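1. Give the three-dimensional model of this entry:
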Amino acid sequence: MGRLSRIGLALVLGAVLAISVLPAATLGFSGFGSATAEATYGEELRFSVELHGGAPDRLELLLTFVGDDGVFVAPVEPSANRAEYVWDADDRHLTPNTRITYAWRAQHGSAVTLSREGTLLYDDDRAGLDWRSARFGEATVHWYGDAQSVATRFGELAADGAARAESLLGHEMSGPVDIFVYSTGDAFFGALGPGAREWTGAATYPALRTIFMSLASGGQEYLETTLVHEVTHVVFNDATDNPYHEPPKWLNEGLATWSESEEASQERSDVAFEADGGGLFAFAAIAEQFPIGERGARLAYAQGATMVDMIIAEHGREAIARIAAAYRDGASDPEALEAGTGIDADALYTGFYDEFGVAPPEPVEPAPILPSNVRRPGGAGGSQDGGPVASGSPSAEAPGASEAASVPWLAVAALVVVLAAVVTFALVRSRRAAPGDSG
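-> Next comes the predicted model:
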């Protein structure tokens, strides 16, 4: 082997050896290592991942929450070989029993690398909540403390209520449901988070397939009927699920209220009482949300339950199943109601109001916005007669405006005087120095 060949080989070996002992970070990002995720209820969700070869040019954490079609993308600033992202659960409330799918995405140069997906269950692990569970058919009941007997009863009622709702809606539940029983109101509202109304005794999150119950909200009879109400919501959500829109709230809540006892005599009485005072809602007004006030909310529930009761009485229980099937096929609200009853939706609403001897509510026309009569100092904001004045055409010069406008000219004049003094001083000095310069 020639001398040059030996030198070349030595250089190659030296380069290989040098590369082998270089720190991994010098070579650049080469992939993801182990990833972890953990949560502390009400405090934080912490996600971390190891970075082989060092930090990539760009790093993101992708979070998908069950029931949400969107993806939450969080930019993350990594360290040399590790990255971490913390979700502040105190600032951004999450409902307990939310399952989260996560993955890391890195871009290094032109290459994009996606990590394996992981899952994290955000459960209510607050101190004192030593959860125990038991399964009853498709329902799993979770309780703590000495609430086992109540939880067992809830499990039996949930199974029975689900079966009745499935029969009425003509559709089986799509999966199991979790029921969490809280012994105190504070623990219950701590699960629901900010925004829960103070009179709430139970809450259902169909996308999570989860029901929350508060034992402090009422007696045994109230709790039992409320549980049937909440289970019906889950079945209703499954029976009407479609990619376009949700059915109106009055139908969802009305059916759940009717299912508590499979009749609506009390709700009909409430509607008749409010009708005598001319206070019924238009169904369009309670399609998205119910009023916050207790009286308005009670009437909204009552109107929904009474309408469901009238549909079943006049068109049979099968009408409810036909309505649900129409929603699954993507029908609009008027189309679904007509598919179930054979009656135009507007005629159905009119028949409801006729039953109580009132005319259908008319839309409330917005009041016109009157001209401003607010006067600003100097009359610049309003005319003498209170009418508006165009903002682009001031009617009077604001106090001090002429003085303020003269300030720049005064500054210019002062500057000219100073410059003239400096020039004069320079000329005098030069003249005094002139004899010495000629010798």
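2. now the strands: where do they sit in the stretch 101-250 of the chain?
-> Taking DSSP state E, counting those that start in this stretch to define them, one finds strands in the stretch 101-250 of the chain at 111-114, 118-122, 132-136, 139-143, 177-182, 202-205, 210-214.
3. Tabulate the ones you listed (TSV), appending mean neighbour count, distance to residue 349 and mean pLDDT.
-> To be clear about C-beta, it is placed using only N, CA and C from the backbone, and glycine gets the same treatment. What follows is the strands of the stretch 101-250 of the chain, written out as TSV (neighbours: other C-beta atoms under 10 Å; distance: least, C-beta to C-beta, whole Å; pLDDT from 0 to 100):
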stretch	mean neighbour count	distance to residue 349	mean pLDDT
strand 111-114	12	51	96
strand 118-122	15	42	98
strand 132-136	14	39	95
strand 139-143	24	36	96
strand 177-182	24	33	97
strand 202-205	21	27	96
strand 210-214	25	31	97
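4. so which of these comes closest to residue 30?
-> strand 111-114 (8.8 Å; C-beta to C-beta).
5. Packing partners of that closest one?
-> Helices and strands touching strand 111-114, by 3 or more C-beta pairs under 8 Å, 6 or more residues apart in numbering; DSSP states H and E, are strand 98-108.
6. Just the C-alphas of the strand it packs on, formatted as CSV.
-> Extracted in CSV, the C-alpha atoms of strand 98-108 (Å, rounded to 0.1, in the frame of the first residue of the first chain):
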residue,chain,number,x,y,z
THR,A,98,-61.8,12.8,30.1
ARG,A,99,-59.5,10.6,28.0
ILE,A,100,-56.7,12.3,26.1
THR,A,101,-54.7,11.0,23.2
TYR,A,102,-51.3,12.6,22.8
ALA,A,103,-48.4,12.4,20.4
TRP,A,104,-45.2,14.4,19.7
ARG,A,105,-44.3,15.9,16.4
ALA,A,106,-40.8,17.1,15.4
GLN,A,107,-39.5,18.9,12.3
HIS,A,108,-35.8,18.8,11.8
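7. Assess the claim that residue 153 and residue 224 are in contact.
-> Yes. In this structure residue 153 lies within contact range of residue 224 using C-beta atoms under 8 Å: 7.2 Å.
8. a markdown table for the strands of the stretch 101-250 of the chain, including distance to residue 360?
-> Shown next, in a markdown table, are the strands of the stretch 101-250 of the chain (distance: least, C-beta to C-beta, whole Å):
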| stretch | distance to residue 360 |
| --- | --- |
| strand 111-114 | 55 |
| strand 118-122 | 45 |
| strand 132-136 | 44 |
| strand 139-143 | 40 |
| strand 177-182 | 38 |
| strand 202-205 | 31 |
| strand 210-214 | 35 |
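9. Of all these, which one is nearest residue 305?
-> strand 202-205 (16.5 Å).
10. Around residue 200, how many other residues sit close by?
-> Neighbours of residue 200 under the rule other C-beta atoms under 10 Å: 14.
11. That one: what's its closest spatial neighbour, skipping adjacent residues?
-> residue 192 (6.9 Å; C-beta to C-beta, 6 or more residues apart in numbering).
12. and that neighbour, how many neighbours does it have?
-> 19.
13. surely it meets residue 203?
-> Yes. With contacts counted by C-beta under 8 Å, residue 192 reaches residue 203, the gap being 5.7 Å.
14. any shared contact partners between these two?
-> Residues touching both residue 192 and residue 203 by C-beta atoms under 8 Å, 6 or more residues apart in numbering: residue 212.
15. before we move on, the earlier item: mind listing what the residue nearest to residue 200 touches?
-> Residue 192 neighbours (C-beta under 8 Å, 6+ apart): 95, 200, 203, 212.
16. Check residue 317 too.
-> Taking C-beta under 8 Å, 6+ apart, we find residue 317 in contact with residue 168.
17. now do the one 5 residues further on
-> Taking C-beta under 8 Å, 6+ apart as the definition of contact, the neighbours of residue 322 are 170, 339, 340.
18. how far away is it from residue 311?
-> 10 Å (C-beta to C-beta, to the nearest Å).
19. swap in residue 340?
-> Taking C-beta to C-beta, one finds residue 340 at 7 Å from residue 311.
20. any shared contact partners between those two?
-> In contact with both residue 340 and residue 311: 319, 320, 323, using C-beta under 8 Å, 6+ apart.
21. Would you format those as JSON lines with distance to residue 59 and neighbour count included?
-> Output for these, formatted as JSON lines (distance: C-beta to C-beta, whole Å; neighbours: other C-beta atoms under 10 Å):
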{"residue": "319", "distance to residue 59": "55", "neighbour count": "20"}
{"residue": "320", "distance to residue 59": "51", "neighbour count": "25"}
{"residue": "323", "distance to residue 59": "49", "neighbour count": "28"}
